[in-house]
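Student: Turn this into a structure:
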Amino acid sequence: MQKAPINRALVASIHDVSPLTRVRADRILADLREAGCGTASLLVIPDHHHRGPISQDAEFVEWLQQRVAEGHEAVLHGYYHLRGRDAADGFLKKLVTQSYTAGEGEFFDLGRAEAAERLSMGLREFSACGLRPAGFIAPAWLLGAEAGEAVQEAGFEYTTRIATVNDFVGARVYAARSLVWSVRSAWRRSCSLAWNAWLWSALRAAPLVRMGIHPPDWDHRKIRTQILNLTGAALAGGRAMTYQGWLATRRDPT
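Tutor: The predicted model follows:
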């Protein structure tokens, strides 16, 4: 059967979902739902900053299972989400792993074997929660070449980077820049507001609008307001989807 065409899709992805951020993630979902976005991709960290596996938190497991039952998607998002400092790091690597990501780029330069092990650990945690993720998205979208090979070998259907969605099943890479906000300082927040206003004007006709939301975004009224306003604008003539759902519409039905 031919799939109905979709003029525009919005994928709102909530990053860094874990027992540490569940309350804020719930608030984000509620606010998105009020703005007309009832479906999101939840990027789940199995052991957020080494604070404990998600499978050991029964309240979080029940919450996550309920969200998936409602139509949201659970995506594997790293394992610890941390990349430790390395004394051998050069200037450019420090710029990416410390300034850009504040030490959160876990899969930026993992070797193939170590990446495969963490992916396996993450899949076991999801399995213990009764879930199987279709997608893997690296923290800060930083996925090195060897780690990327490990992701595909682990059987994931897709991954994303900040400017692309890589469908392993359909063997296609879609150009789709994600809106994302940085809130660690006042100047970053101001730049994010201006940048995303401009980026939306450039992307408003795109078939896929991606919105990357982090729990701390919701602590800043102007950021939260812009995200919700852009959500409403993206859904005018569009439809909220998960990454998994959107990719299913793009694949050859045969």
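
Student: Going by C-alpha atoms from here, please, whenever you check contacts or count neighbours.
Tutor: Fine.

Student: who touches Y79 in this structure?
Tutor: Contact analysis of Y79 by CA atoms under 8 Å, 6 or more residues apart in numbering lists 45-48, 118-119, 121-122.

Student: now swap in G232 and tell me
Tutor: Contact analysis of G232 by CA under 8 Å, 6+ apart lists 35-37.

Student: Let me see the ranges of the strands in the stretch 1-150 of the chain.
Tutor: Taking DSSP state E, counting those that start in this stretch to define them, one finds strands in the stretch 1-150 of the chain at 9-17, 41-44, 73-76.

Student: Residues contacting stretch 189-207, please?
Tutor: Contacts of stretch 189-207 (CA under 8 Å, 6+ apart): 6-9, 179-183, 209, 223, 226, 230, 234.

Student: mind checking pLDDT for the nearest residue to R118 once chain neighbours are set aside?
Tutor: The shortest distance from R118 to any non-neighbouring residue, by CA to CA, 6 or more residues apart in numbering, is to Y79 (6.1 Å). Here, the pLDDT recorded for Y79 equals 96.

Student: Backbone torsions only: list them for Y79.
Tutor: Backbone geometry at Y79, expressed as degrees, to the nearest 10, gives phi -130, psi -60.

Student: mind starting the numbering at 101 from now?
Tutor: That works, and once the first residue is 101, the last one we named lands at Y179.

Student: What separation do you get for it and R167?
Tutor: Between Y179 and R167 the computed distance is 20 Å (CA to CA, to the nearest Å).

Student: what stretches of the stretch 101-250 of the chain score poorly on pLDDT?
Tutor: The stretch 101-250 of the chain contains residues with pLDDT under 70 at 101-106, 183-203.

Student: Show me which of the contacts of stretch 289-307 are buried.
Tutor: For these, a neighbour count by 16 or more other CA atoms under 10 Å gives the buried set as 108-109, 279-283, 309, 323, 330, 334.
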